[in-house]
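A.B. asks: Structural data only, the sequence is not supplied:
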């Protein structure tokens, strides 16, 4: 023993630097500190969760997942690969949860084992535009549908002028900007257009990818926001957070009550004041509630009802539910409005908690 | 013994590449099969529909084949006036001088710039310029993508052409000079005919590079799924439609995208093959 010790000493003496020794010791201490931190805060072991899906709620998830990690010691990795990609990963059973802006259709649900939808927050799709000298623009659903169908071609078209009598609109061609990749944002936007315009419903319909007849396309919410910011006389739809972040102006949209509304935590929440079905799968676009912003949506996390798949441990399943419960908590919901989303209505939270109670591991419910 | 082991190791290492290549082709063909079976091979090549409507999905590759060929061809045309002078400068006029070596180093440096950087430059600098000059209202499109592609392939075309121009035997040139030919005449009547197929092959290889370029094109082409009706209109190339849509695609659409990938692979392989054959010819000559 003493021999080894002297050898050790000799080694460090030979390199002639106590610095190395102290760095070495410091690293060991740091490692110990890290290990103990992870261990003591929770009864179960810290888990690594992975999810993938929608980019729309990504800014919100980034904040929430980090805070959840600080509270519980669990690591959450979320890949913003698009709603469809997230659902595919869940179907392939390689993630703990999928994020999606569009709820699964009955047909999609039939193709996979039972899943539950948990709304995590609410958001809006805004019509962002780039027009010199125009700081306020009012649009109706009909007009938006006509613009994106290529029927209204000029900014000074009488249908736009009629909504904006006090605005000097240029005699320039409109450049519609849309998504080149499949997207939950596109689904929400076209779902709204399908509800307000029979022309849109029959010609183009709603979907994650839609054949827009004119304009240009860009990849992802940031891509569309970037193109609009760079292109004069353009208009496009983006998740509200991305328009806020790039400081691009966006239009007031007419709702069913005839009010022109800007998206905000209040107006988005107002859109969800109607009925919500038990499984929370519902579209809340074109809401008839007073003060509601008409292109609002829930965004969901989707998980399997039976959590024992792909050799997942019970701890992993428990951690997944802990994460969702944390997102539903008041603490996490408070963050929504800070990052330009809106908190869930009480009813959606109650339904979600009820649905969470039905989640099982090997057929036994996890939450008591 | 040692020698034998070394031989085996090398053999195994060399064998990996053909296996990987075969694997890629196998995967492309099996995954693309569904699309070819559903639409028919020639129908898939010639259909211009790209429609997502559920139940009545229609996918055809024509708009993207057109987009790829248009951008590549335009890029080639724009690239020649930049790359040929550089090649002549480095390979003939200032052959072996310091200026030439600096110029060729700088040109080669262009090849090392990641394509996303070209894309950003195109998006934030070239696109506003094109809008400002009133060439097209939305700025992005075939033309914008081709211009940036042209700059990207200049180093490939220029440095290889310069090599072939350097290889032209001095006796031939001196013979021409002794007959009283001017420098321009020597280039036109001696250098070009001798180095011609070599120069041609260097452009073929540059085309091969332009065909598959993804990031830059996706950022600049406008990403609409129609056959472009003019060089300023928007479109989509084969690489950019794949990059745009594979994330959300499944079933038939995924298979169609892979089929487009297979077609792109075949076109690129074919072009490279032509280039290789021409280089061989140049060497013999």
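C.D. replies: That came through fine. Small disclaimer: the values here were computed from a predicted structure and weren't measured.
A.B. asks: which secondary structure element contains the residue in the stretch 1-150 of chain A positioned nearest to chain B?
C.D. replies: Proximity to chain B, evaluated over the stretch 1-150 of chain A using C-beta to the nearest C-beta, is greatest for residue A:84 at 3.5 Å. Just so you know, the C-beta spots here come from the backbone N, C-alpha and C atoms, and that holds for glycine as well. Remark: residue A:84 resides in helix A:83-91, with elements defined by DSSP states H and E.
A.B. asks: so how far is that helix from its chain's centroid?
C.D. replies: 14 Å (C-alpha atoms, centre = their mean, to the nearest Å).
A.B. asks: now do stretch A:350-360
C.D. replies: Distance of stretch A:350-360 from the chain centroid (C-alpha atoms, centre = their mean) equals 21 Å.
A.B. asks: The residue of the stretch 1-150 of chain A closest to chain B against residue B:253, yeah?
C.D. replies: No. Assessed by C-beta atoms under 8 Å, residue A:84 is found out of contact with residue B:253, at 9.9 Å.
A.B. asks: Those two - which one has more neighbours?
C.D. replies: Neighbour count, other C-beta atoms under 10 Å in any protein chain shown: between residue A:84 and residue B:253, residue A:84 has more, with 26 against 20.
A.B. asks: quick revisit: contacts for the helix holding residue A:84?
C.D. replies: Identification of contacts with helix A:83-91 by C-beta atoms under 8 Å, 6 or more residues apart in numbering or on different chains yields A:51-54, A:56, A:79, A:81, A:95, A:97-102, A:104, A:108, A:111-112, A:115, A:182-184, A:187, A:208, A:302-304, B:247-250.
A.B. asks: which secondary structure elements does the following helix or strand past it contact?
C.D. replies: On the C-terminal side of helix A:83-91, the closest following helix or strand by DSSP H and E is strand A:97-100. Packing partners of strand A:97-100 (3 or more C-beta pairs under 8 Å, 6 or more residues apart in numbering or on different chains; DSSP states H and E): strand A:48-53, helix A:83-91, strand A:296-304, helix A:314-328.
A.B. asks: what secondary structure does residue A:103 sit in?
C.D. replies: With DSSP: H, G, I helix; E, B strand; the rest coil as the basis, residue A:103 sits in coil.
A.B. asks: got a list of what the residue lying closest to it once chain neighbours are set aside touches?
C.D. replies: Leaving out its chain neighbours, the residue that sits closest to residue A:103 by C-beta to C-beta, 6 or more residues apart in numbering or on different chains is residue A:281, at 3.9 Å. Contacts for residue A:281 (C-beta under 8 Å, 6+ apart) come out as A:103, A:104, A:117.
A.B. asks: At the contact with chain B, which residues of the stretch 151-300 of chain A appear?
C.D. replies: Residues of the stretch 151-300 of chain A that fall close to chain B, judged by C-beta under 8 Å from any C-beta of the partner chain: A:172-173, A:175, A:180-183, A:205, A:207-212, A:215-219, A:226-227, A:230-234.
A.B. asks: Recalculate using a threshold of 7 Å.
C.D. replies: A:173, A:175, A:180-182, A:205, A:207-211, A:216-219, A:230-232 (C-beta under 7 Å from any C-beta of the partner chain).
A.B. asks: what about chain B, any weak spots by pLDDT?
C.D. replies: Under the criterion pLDDT under 70, the flagged ranges of chain B are B:1, B:283-285.
A.B. asks: Now do the helices in it.
C.D. replies: B:2-39, B:41-46, B:62-88, B:98-111, B:115-121, B:127-132, B:142-166, B:170-178, B:183-186, B:192-212, B:215-220, B:238-245, B:251-284 (DSSP state H).
A.B. asks: Go ahead and measure how far the fourth one is from the middle of the chain.
C.D. replies: Spelled out, it's helix B:98-111. That offset, for helix B:98-111, works out to 21 Å (C-alpha atoms, centre = their mean).
A.B. asks: Run a quick neighbour tally on residue B:198.
C.D. replies: 21.
A.B. asks: which one is the closest residue to chain B within the stretch 251-368 of chain A nearest to, not counting chain neighbours?
C.D. replies: Closest contact between the stretch 251-368 of chain A and chain B, by C-beta to the nearest C-beta, is at residue A:302 (15.4 Å). Excluding the flanking residues, the one nearest residue A:302 by C-beta to C-beta, 6+ apart is residue A:98, at 4.6 Å.
A.B. asks: same check, this time on residue B:190
C.D. replies: Closest to residue B:190 by C-beta to C-beta, 6+ apart is residue B:176, at 5.0 Å.
A.B. asks: Test my guess that that neighbour contacts residue B:187.
C.D. replies: No. Shown here, residue B:176 and residue B:187 do not form a contact pair, counting by C-beta atoms under 7 Å, at 9.8 Å.
A.B. asks: For the nearest residue to residue B:162 once chain neighbours are set aside, which residues are in contact?
C.D. replies: Using C-beta to C-beta, 6+ apart and skipping residues adjacent in sequence, the residue nearest residue B:162 is residue B:91, 3.8 Å away. By C-beta atoms under 7 Å, 6 or more residues apart in numbering or on different chains, the contact list for residue B:91 reads B:162, B:165, B:166.
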